[in-house]
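Peer 1: Please work out how this folds:
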Amino acid sequence: MNSSSGGREPFAASGGTPQYTTFTYDALGRVVAVAVRVDAEETNRQIHERRAQAETSRRALEIERGITGIFEAIENGMYQPAMKARMSELEQQKAEIERASCRGSGRSAGHAPEYR
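Peer 2: Reported below is the predicted structural model:
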């Protein structure tokens, strides 16, 4: 071990002086630290995005079930005026989810069918 390299083994491929080798190890350590941090940040971003998408999908499914339930009730002759208000609420929630989804994907909203 060379004492002028700060207790580090010299990097054989560098062919440089112990001081250069120490610099190389330090620089490599900083690069690796930055790469690990960037990778962790990206992984966390992807996890957060997947969780948000899963929650959005779950909510969209609930809305679709609500709309389907109202249609089935109407088909079975159980129409109530309150159903119209609830259907409007569900349609508004569905449109909001679609707009948010389109914003995230770059698509334009407005091509989704409306239920009336």
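Peer 1: Can you name the next helix or strand after the longest helix along the chain?
Peer 2: Criterion DSSP state H: the longest helix present in the chain is helix 18-75. Using DSSP states H and E, the helix or strand that directly follows helix 18-75 along the chain is helix 81-105.
Peer 1: quick one: buried residues of that next one?
Peer 2: 87, 90, 91, 93, 94, 97, 98, 101 (16 or more other Cβ atoms under 10 Å). Placement of C-beta: from N, CA and C, glycine included.
Peer 1: with those residues in mind, which one is nearest to residue 67?
Peer 2: Residue 67 lies nearest to residue 90 out of these, by Cβ to Cβ, at 5.2 Å.
Peer 1: Check what pLDDT the closest one gets.
Peer 2: At residue 90, the model reports a pLDDT of 94.
Peer 1: same question, residue 80
Peer 2: For residue 80, pLDDT reads 88.
Peer 1: roughly how far apart are it and residue 65?
Peer 2: Distance of residue 80 to residue 65, computed by Cβ to Cβ, to the nearest Å: 18 Å.
Peer 1: follow-up on the earlier one: now do the longest helix of the chain against helix 81-105, angle only.
Peer 2: Angle, helix 18-75 to helix 81-105, by axes from the mean of the first three to the mean of the last three Cα atoms, to 10 degrees: 160 degrees.
Peer 1: packing partners for helix 18-75?
Peer 2: helix 81-105 (3 or more Cβ pairs under 8 Å, 6 or more residues apart in numbering; DSSP states H and E).
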